[in-house]
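K.L.:
Quick check, what structure comes out for this input:
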Amino acid sequence: MRLYATLTTTLFGSIRGTTTTTTTATTTTTSVRRGAMMTQQHHQQQQSSSSSNAIAKTLRGGGVLVRAQQTKNDECVGERVAARASTSATKGDDDDDDEKEKERSGREKAKTKGPTPAPKHTRAYGTPMTGYQLEHGQRLMAEDSPFASLNLKEAMKVGAAKGVRCRQHVNPLSQKFCKPSETPSWDVIFKDISKPLTIDVGCGGGRFPLAMAKRFRERNFLGVDVREALVERGEKWGEFAEVSENVAFAAGNCTVSLKPWLEDYNENNKDNKRGKVELVCVQFPDPHFKRKHWKRRVVQKEMVEALASGLEEGARVFLQSDVKEVAEDMRDKFEKFGNGKFVVDDSLHVRGEHEAIFEADAPDPSDWEGEEHEGFIPTWYQKGWLKENPLGVPTEREVQTINEGQPCFRVMLCVK
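P.N.:
I've put the predicted structure just below:
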């Protein structure tokens, strides 16, 4: 028994010693690992701190470099500004010399005789007018307006004729305007039908025929426009201005309506009591800038042929526009489709000492190539454009154009 107890005690003591040794070893290993990890973390923190310090130093150094570079750039800019100022001063002196040379050249050219060059547009075609246009309506009513004698401002105040709203651009090829309008009752719309008749094609606001009727009581005037609202207001204005006896307005598309109207006016002239149609005006028509819309322009082959057959010898056709291409188009169509019945009025298109025209551009032959032109090339451009309006009364658009400092392109034709 003693032997068994001794062996058991010895055995269990060994086991406890081994366990204690193992536990001690494990604890030691764990401590070592923890120490290593802490050491590694410490090193990483030191590296991160060193990197941050390095970056901060770099940034601080970079800031110095940036400021230095900025200072250098400012110095370069200052040098360039100084150089430009010096160049501008030199250029200014050169410009003064150039201006003096241009003046001398202009005086020398003025001494030599020659056609007056065509004026240049300062406003692009198709762009809206500014400045004067903002007060255009008010200025047309002002006391110094060419239409002041009509006293239309008072008419607006008393409600005799209110302002109208209508489309600025109308398609004359729409179904509504493709057929001729009803022929005016000539003996009804004019008190004295024996007076010579003037037809204003596309009369717009109607101030031109109204002012003409006021100034020339011995003539009759018919204003025609496709916009019925303007026609109705024109009639009311005529009554207020006391010119309704020799002015009338009619709604219609002149491209298709002029032929039957002129035929009726001439053929139903009993005992020759009706005065002759002495003047037809086409002034500042809608330009229809797009090429595909050129067929909408009022002056077409049908209209030219209607005037060629409906006007008698001595009658005149006055064309003008603020768009050179449109004026050229109208003039060239009368030359092409007029069957030789129209000529440029040489009594107005005067050259020489009392020159009343400015030079017109020669046509580009390439524009007239093709079978549709049948070999026709315009020649009337040689007669130039009229500098002034020979009728003595402007249209609303003409007043606006002149006050904008833009040129008007005019030509007067005669029926031979």
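
K.L.:
My guess is N389 contacts Q320. True?
P.N.:
Yes - using C-beta atoms under 8 Å, N389 is in contact with Q320, at 7.3 Å. Glycine gets a C-beta too; all of them are placed from N, C-alpha and C.

K.L.:
Now do R297 against E267, distance only.
P.N.:
Relative to E267, R297 is positioned 28 Å away (C-beta to C-beta, to the nearest Å).

K.L.:
Neighbour count for these two, which is higher?
P.N.:
For R297 versus E267, the count of surrounding residues by other C-beta atoms under 10 Å is larger for R297: 19 against 7.

K.L.:
how close does the residue nearest to that one when sequence neighbours are not counted get to R397?
P.N.:
Nearest residue to R297, sequence neighbours excluded (C-beta to C-beta, 6 or more residues apart in numbering): H288, at 5.3 Å. Summarising the geometry, the distance separating H288 from R397, computed by C-beta to C-beta, is 15 Å.

K.L.:
So if I had to pick from the two, which one is more boxed in?
P.N.:
The residue with more neighbours, out of H288 and R397, is R397; 21 against 18, by other C-beta under 10 Å.

K.L.:
quick one: contacts for that one?
P.N.:
Listed by C-beta atoms under 8 Å, 6 or more residues apart in numbering, the contact partners of R397 are 204, 283-284, 322.

K.L.:
what's near enough to touch the closest residue to L150 other than its chain neighbours?
P.N.:
Among residues not flanking L150 along the chain, A241 sits closest, at 4.4 Å (C-beta to C-beta, 6+ apart). Remark: with contacts taken as C-beta under 8 Å, 6+ apart, A241 is in contact with 149-152, 155, 210, 214.

K.L.:
By neighbours, which of these wins?
P.N.:
Going through these with other C-beta under 10 Å as the criterion, the one with the most neighbours is L210, at 28 neighbours.

K.L.:
quick one: pLDDT of that one?
P.N.:
pLDDT recorded at L210 is 96.

K.L.:
Test my guess that it contacts N246.
P.N.:
No - distance between L210 and N246: 10.3 Å, which falls outside the contact criterion (C-beta under 8 Å).

K.L.:
Tell me, how many residues neighbour E312?
P.N.:
Applying other C-beta under 10 Å, we find 10 other residues in the vicinity of E312.

K.L.:
contacting residues for it?
P.N.:
When contacts are counted by C-beta under 8 Å, 6+ apart, E312 touches 276-277, 415.

K.L.:
From these, which land in strands?
P.N.:
Mapping the contacts of E312 onto strands (DSSP state E) picks out 277, 415.
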